[in-house]
Each structure stands twice: as structure tokens, then as C-alpha cells.
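Asker: take this sequence and fold it.
(4 chains)
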Amino acid sequence: MFSLFNWFRYASPQTFYPLAGRMIPWFAGAAAVFAAAGLYVGFFVAPTDAQQSEVYRVIFIHVPVSWMSMFIYLVMAAWGAIGLAFNTRLSFMMARSLAPTGALFAFLSLWTGALWGRPTWGTWWVWDARLTSELILLFLYLGVMALQAAIDDQRRGDRAGALLAIIGAINVPIIYFSVVWWNTLHQGASVSLTRAPSMARAMLAGMLLMSLACWMYSIAVSLARARCIMLERERHTAWVGELAGSAS
Amino acid sequence: MNWGSPAEFFAMGGYAFYVWGSFGVCMIAVVIETILLFRRRTNLLLQLKSESSGNP
Amino acid sequence: MLEVSALCCMRGEREIFRDMSFVLADGAWIHIRGENGAGKTTLLKALTGLLRPASGSVAWNGIPLHESRDDFHRDLLYLGHANGIKDDLDAAENLMLAGSIVDAPTAAEITLAMRELGLNPSSRTPVRSLSQGQKRRVALSRLALGRTKLWILDEPFAALDTAAVASVCRLMDRHLDRGGALVLTSHQEVPLGGRGTEVWIGTPQENNP
Amino acid sequence: MNAFVAVLRRDLLLAMRRKSDVAMTLFFFIMVASLFPLAIGPETALLRTIAPGVLWVAALLASLLSLPRMFETDFADGTLEQLALAPAPLALIALAKILAHWLGACVPLVVLAPVLALQFGLDARAIAMLCLSLALGTPLLSLLGAMGAALTLGVRGGGVLVALILMPLYVPVLIFGAGVVDADATGMGAAANLSLLGAMLAASLFLAPLGTASALRIALE
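Answerer: Numbers count the residues shown, from 1 in each chain, chains lettered A, B, ... in the order given. Purely as a prediction, here's the structure:
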């Protein structure tokens, strides 16, 4: 009972705002440390690939941003589900704050994929199952953001966006499966981006470190964005008034 | 160590454009997102301050 | 019996009202008052269960709304700002369709209901070409059809002439006599008998007691 | 069940009163399908290859175009409110409206598809397969589309928005649906595609009305 009470206490924007403020530097710092370590491993420890030479190093950014773009979508849908189930304002704010970062990662995944594809397969874009799904994932993000932005009533926008995110999350596996099916049927370029299990341990370590960096970065950025959303939405409340007064 | 010299490092075995294009754009995206967030926050705080001083 | 306890409703991040509590007994009516934009429609929507309140609860016969939605809706007749009638259909078809979702009314019942409101039951004109007042009459004919126990009416008298207001009031009185309950908003005084109370959203205006 | 039949009859009656809407969807379908040969050239072999895809995309766009009709007028005149307050599960009512939409907007497309397929020089077997895939796939378009239509109810720019949020969800339907003719023609057999479509249809028959009902409640607040 007590823990439940505590949870709801932190679920109120007024108490979460300063807490998030204290957490952001730690996550940002962790992101920087992990990124430095990951880049070091990626560029200096991991050996040159026998077939792809140096261009394979794109993997250290491509795979982490792809993972994050999918992971963030699920987290966003989960926040939306929590918000719809328990009617907590904070969950919707978190869901909204994650969407732009997730969309950015999806875009970066496509961008780095294209830059990798050009020297490796000789073309900027391949209708490969993974790339196609990533493109559709980007569309899903854009749909959620467009819906949230188009609805003037914030509460309705939150709830509609959350519902769409959940619908999308249910559909993501189906979409992925259908795209793989389509891809094998048409014997298109089927390229394995993640390499065989014999992948050097250093490569795996670099990818994991970069993924952690992306993860920490996403948390820091989404918390910062959530703080802005809180201020915007609660601007007429007493605590924001006090905060603005004391900030002088 | 993979690289004999800084020049070799930046050349990336002839794939500099692709490798640095990937990492560079990601870096730029991260920096832009951070700057935008900072600007959003400072603008917001300024606005709130003028609101709270306008009608105390 | 409709019980409202500590109801608080928000629109966006704005609080419309808080700590709204009242009880509506069978055979009683409540006139919800307030200035334009005070949140009368919001309150009515919360009473019907369309709007989820930020906090507080509404209970019908002791059961919270969200626990027995279908039972509550069987007892409820709600008429909002919009008339809830289709422009492409004529008046009788509209009433038939609206009724058929609950329990199909007979043609005779519909004729009777339309007569109560002074409408011509044999008219086949699509509702589109009727006047605002006549459209409102078509919508209000549902009052004469129903056997529902709770009426929630948003501005029922809007666009009505004196004769129509009188017939609507007659229907309301009959409803109350049968032990029905009524919630309505209106900018005019409501000449109804029985146990009526006023509930204000915001502060009451001075020229009213 | 009573409410289901009542809403279905109501929507069909309303569709009968507005035949021009149905006609417009059909014309759109015909025009989009006819534009492709003009853009690509009259080469029969090529047209035959792209026909299933073109007709599927055209049907998808046509049904997308008709989606706003599903709830928009009911929302504007207050009847949707009344439906939400009816003593029946809103999901059931939504299912009735989805079925009415399919009958009014998609069945005509399925019926017309063979005629257009002739334009593209498909043979009888391919035409039969195409119609089968459309008959099984278009209900899915209606079911998924209902969620999109309900989410964007009364929102400015709703038409474009509904397309934006539905396109990703339509991808599997398009892939499995348009693949049916090819799979049959190459001798692989269309059974796998058709059963996948059927499985998706079964799942969305259950889930989509629930999603639509929640979206409608959000829109009606």
C-alpha cells in the first residue's frame, strides 16, 4: 500500500519535475561515457573486416539506432497503455516526449543503412526486409506524432496518440513478418546486417556499448522534453508559478 | 591498434564518406536535438517568468 | 436515483468545476445553471458517462456508471446540443431508427409521439428541409416515446416556440409524475412542478435567488 | 444482437439515400486503375504483371477515400453520441458500422474488379484469384480503417491524417492480398496467402471493433 502511494506521488508532475531534473545529468553523463567507450572499441579495438574493410564500422552506429528506434516505440506504447489504463497524466507526457527521439532514431537507422548499403551492395536503397520495416516504423512514428499534433484538445490528443501507438505496436510484428515474407517471395536482396555468430567479441562489445549510450541518451532527452511538456501544460498551476518566480 | 597515422584513421580505408557520413550525421542530429530542447526550455522559462511577473 | 459525489472535470488542463455533489431522487428534477462556457455541457456529459471525470463518481441506483454501463444506458435518455437525427431521413424514420437500437417502437407509438410535439406524422419530408425548431421537435419526440427513467437534456427549449415549450413541459411533468428523474440546462426559467432544485456551476448571478 | 442488426440496417438505409457517395468511390477506383496503363504504356505483358498490385492499390485508396463517411456525419449531427449511449456494447455497434461500410464501399469494388482486370489482360483464373483476395482482404481494410477513422474524428486535416496513420497498418494486407495472384500463377499455390489473410481477418474481427470503440469514446469526450 505504501509503495503504491509512493508511486503515485512520483507520478504527479509536481514531484516528478525536480526528480527528473536531478536525473538528467546522470543519464547524459552515462551516455557520454558509454559513447566514448563504444567509439573507442569500435574504431580502435575492433579489427578491420576481411571482406568489407573499414566500412563495416558503420555497424557500430547503425545497429544501435535501429534497436533503439524499435525499443522506443514499444516503450512509448507501454507508457500510452499505462496512461489509458490508470489515467495518469505523467505517462502521457512520457509517451509524447519519446516520439520525436524515436522517430529521429528511425531516420538515422535509414540514413546509416543507406550509407552502408552504397559501398556494400552498390545501391543506396535496397528493398530489404529490415530496411523496409524500418521505413514503415518511421511512418508509424510520424503517424502518432501527426495525430497528437492535429488534435487541439491535449487530453484527447494524448489518449488518441496512445491508442494509435498500441495499435501500431500490435501490428509491428505482423508488418515485419509480412515484409520478410514478401522479400523472400520476390527473391530480393536479402542481406544480413548483423553478422554471423562468429562475430568478433570486440564488435559485439562495441555495439552493446553504443546501444547503452543511445539508451541513456534517449532517457536523458525524453526526460528533458517531458519537463518542458510539464511546464507548458501546468503553466497555470501554483508550482510552476513559484518555479518561474524563483528562476529569476 | 588499427591505424598507423591520423590520416589513415580519417581515410577509413577509402570509405571515409560512408563511415563519417553515418557517424557525423548521427552526431549532428544529437547535437541539434539537444540544442532545440535547450532553446525550448529557455524560451518557456522566459515566457513563464514574464507571465508570473505580469500578473503576480 | 442519480448520485453525484465530489465530481471534478477537466477540459484539457483546465479545471471546469470541482467538488460537485448532489443527489437526484426519483420524481425530482434539477436545473443546471451557469454562464455560457461555465461547463454545463461538460457536467451533463460526465453524468451520461461520455466524459470520464478527473475525479469523483457518478452512480445510478447505487452502482457506479462504469460498472454497469448497459443497464444505465437502458434507463437513460440523453439529448445533447446536436439533435442526433439524420438529415437524409424523414422524421418518422429517424424516430424509428433511434428507437430500434433499444426496443423497436411501433408505428402507432411514433405517430402518437409526433402528435405530442405538433409534428405531422404523415410527412415524408427529409429532416434536412425542416426549420431548426422543427428539427428540435423531432429530436424531442423521443421524450414521448421512451419509457426511460432518467432524462438528461441539454438546452431542450432552444429554438422552440411557446407552444412547443408548453408541450415539452407537459411531457416533463408526466415523466416526473411517473417517478422519472430529469436533469436539464436552460437559460430560461423552467415552469415545472414537483421537487425541483437548481445547481449552479460557478457563482450564481445576482438577479437570481 | 438486436442493436447490431438495427445499426446495420440504419447505415445501409443511409447509404441507399446517398448513392452518389458509393458512385464516387467506384469512379475513383476506375480512374486510378485506368491511369496506370496511360502512365506505363499499353504493353500487355507488363500490364499483366502489374495488374494485381495496381488493382489492389487502387482498391486500397478508394476504400481509404470512403473512410471519413463511416463516422464523420454521425459525429457532426450527434447520432454517434446517441449510439455510444445505446444499451449495447459500443464495439458491437462499431462492428455493425464496419460491416455496413464494407457492404457499401468495398463490395462494389470487388464486383467491379473483374471488369478492370480485363483491361489489364488477366486470364479467367487470375481474375478469380484477384476477386477472392479482394473479397477476403477488403473487410480487413474496413476493419483497420475504422480505427483510423475513429481516431481522426473531427480533426482538422482528417483526410490526409487518416491516410498517414493507416498506410503502415495496411502494409500486411497489401502484401498478402496482392501476392495471391502471383503465388497462384507461379504454381506455388495461393493457399498460404489466403490463409494468412483469413487469420488476420479473424484476429481483427475481434480486435478492431474494440479499438474502434475506445477511439470513439476518446473522440466523444
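
Asker: which residues touch whichever residue of chain C sits closest to chain D?
Answerer: Relative to chain D, the nearest point of chain C is C:A82 (2.6 Å; CB to the nearest CB). Where you see a C-beta, it was placed from the backbone N, CA and C, and this is true even at glycine. C:A82 is in contact with D:A76, D:D77, D:G78, D:E81, counting by CB atoms under 8 Å, 6 or more residues apart in numbering or on different chains.

Asker: helix or strand for it, which one?
Answerer: In the assignment (DSSP states H and E), C:A82 maps to no helix and no strand.

Asker: now swap in A:F107 and tell me
Answerer: With DSSP H and E as the test, A:F107 turns up in helix A:89-121.

Asker: does the following helix or strand past that helix reach chain D?
Answerer: In the C-terminal direction, the helix or strand that comes right after helix A:89-121 (DSSP H and E) is helix A:129-150. Yes - Helix A:129-150 reaches chain D (CB under 8 Å from any CB of the partner chain) through A:I136, A:L137, A:F139, A:L140, A:L142, A:G143, A:V144, A:A146, A:L147, A:A150.

Asker: circling back: so what's the gap between the helix holding A:F107 and the chain middle?
Answerer: Relative to the centre of its chain, helix A:89-121 is centred 6 Å away, using CA atoms, centre = their mean, to the nearest Å.

Asker: that one vs helix A:129-150, what angle?
Answerer: Taking axes from the mean of the first three to the mean of the last three CA atoms, to 10 degrees, helix A:89-121 and helix A:129-150 form an angle of 150 degrees between their directions.

Asker: so what does helix A:89-121 touch, helix or strand wise?
Answerer: Contacting helix A:89-121 under the criterion 3 or more CB pairs under 8 Å, 6 or more residues apart in numbering or on different chains; DSSP states H and E are the following elements: helix A:13-40, helix A:59-86, helix A:129-150, helix A:154-185, helix A:201-233, helix B:16-54.

Asker: from the contact counts, what lies against the helix or strand encompassing D:G145?
Answerer: Element membership for D:G145, per DSSP H and E: helix D:124-151. Under the contact criterion of 3+ CB pairs under 8 Å, 6+ apart, helix D:124-151 touches helix A:154-185, helix D:44-66, helix D:90-101, helix D:107-119, helix D:158-185, helix D:191-220.

Asker: flag the helix or strand of chain B with the lowest per-element mean pLDDT.
Answerer: When each helix and strand of chain B is scored by mean pLDDT, DSSP states H and E, helix B:6-11 comes last, with a mean of 78.

Asker: who's in contact with that one?
Answerer: Against helix B:6-11 from outside (CB under 8 Å, 6+ apart): A:F43, B:W3, B:A16, B:W20.

Asker: now it: buried residues?
Answerer: Neighbour counts over helix B:6-11 (16 or more other CB atoms under 10 Å in any protein chain shown) mark B:F9 as buried.

Asker: one more: stretch D:209-221?
Answerer: So, applying 16+ other CB under 10 Å, buried residues of stretch D:209-221: D:P209, D:G211, D:T212, D:A213, D:S214, D:A215, D:L216, D:R217, D:I218, D:A219, D:L220.

Asker: which of the residues you listed come close to chain C?
Answerer: Answer for the buried residues of stretch D:209-221 near chain C (CB under 8 Å from any CB): D:R217, D:L220.

Asker: show me the shaky parts of chain B.
Answerer: B:1, B:54-56 (pLDDT under 70).

Asker: any residues of it in contact with chain A? List them.
Answerer: B:1-3, B:9, B:12-15, B:17-19, B:21-23, B:25-26, B:29-30, B:33-34, B:37, B:40-41, B:44-45, B:48-49, B:51-53.

Asker: near chain C, which residues of chain D are found?
Answerer: D:2-3, D:6-7, D:9-10, D:13-14, D:17-18, D:73, D:76-79, D:81-89, D:93, D:217, D:220-221.

Asker: using PyMOL, define a selection of the buried residues within the residues you listed.
Answerer: The command below creates a PyMOL selection of those among the residues of chain D next to chain C that count as buried (16+ other CB under 10 Å):
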select buried, chain D and resi 3+6+7+10+14+73+77+78+79+81+82+83+84+85+86+87+88+89+93+217+220
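
Asker: which helix runs longest in chain C?
Answerer: In chain C, assigned by DSSP state H, the helix with the most residues is helix C:162-177.

Asker: what about the closest residue to C:H187 other than its chain neighbours, distance to C:F17?
Answerer: The shortest distance from C:H187 to any non-neighbouring residue, by CB to CB, 6 or more residues apart in numbering or on different chains, is to C:E155 (7.5 Å). Going from C:E155 to C:F17 by CB to CB, to the nearest Å gives 18 Å.

Asker: and residue 180, what is it in contact with?
Answerer: No chain specified, so I'll use chain A. A:A129.

Asker: oops, wrong one, chain C.
Answerer: Counting by CB under 8 Å, 6+ apart, C:G180 has contacts C:D26, C:G27, C:T148, C:K149, C:L150, C:W151.

Asker: does C:W29 belong to a helix, a strand or coil?
Answerer: In three-state terms, and counting by DSSP: H, G, I helix; E, B strand; the rest coil, C:W29 is strand.

Asker: in contact with it, which residues?
Answerer: C:M172, C:L176, C:A181, C:L182, C:V183, C:L184, C:L192, C:G194, C:R195, C:G196, C:T197.

Asker: Throw those residues into JSON lines and include distance to A:S69, thanks.
Answerer: Shown next, in JSON lines, are the contacts of C:W29 (distance: CB to CB, whole Å):
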{"residue": "C:M172", "distance to A:S69": "59"}
{"residue": "C:L176", "distance to A:S69": "61"}
{"residue": "C:A181", "distance to A:S69": "54"}
{"residue": "C:L182", "distance to A:S69": "55"}
{"residue": "C:V183", "distance to A:S69": "50"}
{"residue": "C:L184", "distance to A:S69": "53"}
{"residue": "C:L192", "distance to A:S69": "62"}
{"residue": "C:G194", "distance to A:S69": "63"}
{"residue": "C:R195", "distance to A:S69": "62"}
{"residue": "C:G196", "distance to A:S69": "60"}
{"residue": "C:T197", "distance to A:S69": "58"}
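
Asker: what's the farthest-apart pair in the contacts of helix B:6-11?
Answerer: Maximum pairwise distance among the contacts of helix B:6-11 (CB to CB): 14.2 Å, between B:W3 and B:W20.

Asker: lowest average confidence, helix or strand, in chain A?
Answerer: helix A:2-10 (a mean of 53).

Asker: do you know how far the residue in chain D sticking out farthest from the centre is from chain C?
Answerer: Distance from the centre of chain D peaks at D:E43, with 29.5 Å (CA atoms, centre = their mean). Taking CB to the nearest CB, to the nearest Å as the measure, D:E43 falls 46 Å from chain C.

Asker: mind checking the backbone torsions on that residue?
Answerer: Taking degrees, to the nearest 10, you get phi -70, psi 110 for the backbone angles of D:E43.

Asker: now chain B against chain C: closest residue?
Answerer: B:L48 (14.3 Å).

Asker: in what helix or strand does C:V138 lie?
Answerer: helix C:132-145.

Asker: do D:P87 as well
Answerer: Using DSSP H and E, D:P87 is not contained in any helix or strand.

Asker: hang on, isn't it packed against C:V102?
Answerer: Yes - between D:P87 and C:V102 there is a contact at 6.1 Å, judged by CB atoms under 8 Å.

Asker: mutual contacts of the two, please.
Answerer: C:R74.

Asker: report the closest residue of chain D relative to chain C.
Answerer: Here chain D gets closest to chain C at one residue, D:G78, 2.6 Å apart by CB to the nearest CB.
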